[in-house]
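> next comes the sequence, and after it the predicted model I'd like to discuss.
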Amino acid sequence: MYDRDLPDKRAVVIHSLSGFHGPVRGRVRLPHRMFWHADRVFDLDSPAALRRMYEIVLREALSYDELRTWLDVPTLRREWRSLSLPPSVRRDWERRHPSLAS
């Protein structure tokens, strides 16, 4: 899906994989800045919708606060291999947190 990765696109990566308890159930609405669609609501009870929301947040977050708001670390660990991410985003996260790659 990501044939041409932007070389200067750097992901915001959290320093520690602890203490993040974002939503994992129910319906959530991402900010327009992160997802430019009219329907920004994700039903996190759907595994596909949850993964899509995580892909968007990991790709579009500009701050640690956004990551804290939207990510749940146990869910991130569980879904990591299933997420469709740009190579630079996956690389940046796995460099900082090698346990995600294993």
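Looks like it arrived, so ask away.
> straight-line length of stretch 11-18, end to end?
One end of stretch 11-18 sits 18 Å from the other (C-alpha to C-alpha, to the nearest Å).
> residues of that stretch that come out buried?
Residues A11, V12, V13, I14, L17 are the ones in stretch 11-18 that count as buried (16 or more other C-beta atoms under 10 Å). The C-beta positions use only the backbone N, C-alpha and C, and glycine is treated the same way.
> for these, which one is nearest H32?
V12 (18.3 Å; C-beta to C-beta).
> mind listing what the closest residue to the closest one other than its chain neighbours touches?
Distance criterion C-beta to C-beta, 6 or more residues apart in numbering; nearest residue to V12, sequence neighbours excluded, is A61 at 4.9 Å. Counting by C-beta atoms under 8 Å, 6 or more residues apart in numbering, A61 touches A11, V12, M34, L67, W70.
> next up, the contacts around the closest residue to L30 other than its chain neighbours.
Spatial nearest neighbour of L30, chain neighbours left out: R40 (4.8 Å); criterion: C-beta to C-beta, 6+ apart. Neighbouring residues of R40 by C-beta under 8 Å, 6+ apart: R29, L30, P31, H32.
> quick check: the gap between the second one and G19.
In this case it means L30. Relative to G19, L30 is positioned 21 Å away (criterion: C-beta to C-beta, to the nearest Å).
> do the same with the first one
Going from R29 to G19 by C-beta to C-beta gives 23 Å.
> and the helix or strand where S88 lies, what does it pack onto?
Secondary structure assigned from DSSP states H and E places S88 in helix 87-96. Packing partners of helix 87-96 (3 or more C-beta pairs under 8 Å, 6 or more residues apart in numbering; DSSP states H and E): helix 47-60.
> got the angle for the helix it packs on vs helix 87-96?
90 degrees (axes from the mean of the first three to the mean of the last three C-alpha atoms, to 10 degrees).
> helix or strand right after helix 47-60?
The helix or strand immediately downstream of helix 47-60 is helix 64-70, counting by DSSP H and E.
> that'll do, ta.
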